[in-house]
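S.K.: Below is the sequence, then the predicted model.
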Amino acid sequence: MPEVELSKRRMPRCQAERSRSTREHLIATTIDVVRERSYQGATVFEVAKAAGVTPGALQHHFGSKAVLMMRVVDEMLRNSAGKFGNSRRMLCGTTRRTYQIPCGERQRCVAL
């Protein structure tokens, strides 16, 4: 068996890297699904199906469709920041974002 240089061998990724990669893939897929089918058509099931994951996996990474959509908006703002300067700081005066998400009778704050 030929020896492969250590630098060319694919090293196993840690769980945090796999999770980050999955979240990035889910966000990108969600953007595509919303463009194709609208916000209402971008159900958790449809996004999961398009991404090739189970709805449970999507729920594991984001908790709800509302949190997923907030991350999508955040990603879109981050990508457009080069065009408009630091848009996050211009919009809210800080780089940390907190969103209030209605959950039935209670509201839950999510820091992203």
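M.R.: Done, it's in. Numbers count the residues shown, from 1 in each chain.
S.K.: Which secondary structure state is assigned to residue 72?
M.R.: In three-state terms, and counting by DSSP: H, G, I helix; E, B strand; the rest coil, residue 72 is helix.
S.K.: pretty sure it contacts residue 31?
M.R.: Yes: counting by Cβ atoms under 8 Å, residue 72 does reach residue 31; the two are 5.9 Å apart. Where C-beta positions appear, they are placed from N, C-alpha and C, glycine not excepted.
S.K.: which one of these two has more residues nearby?
M.R.: Shown here are residue 72 and residue 31; by other Cβ atoms under 10 Å, residue 72 has more neighbours (22 against 16).
S.K.: State the mean pLDDT of stretch 62-76.
M.R.: Averaged over stretch 62-76, pLDDT sits at 92.
S.K.: Just the buried positions in the lengthiest helix in the chain, please.
M.R.: As assigned by DSSP state H, the longest helix anywhere in the chain is helix 15-41. Using 16 or more other Cβ atoms under 10 Å as the test for burial, helix 15-41 gives 22-23, 26-27, 29-31, 33-34.
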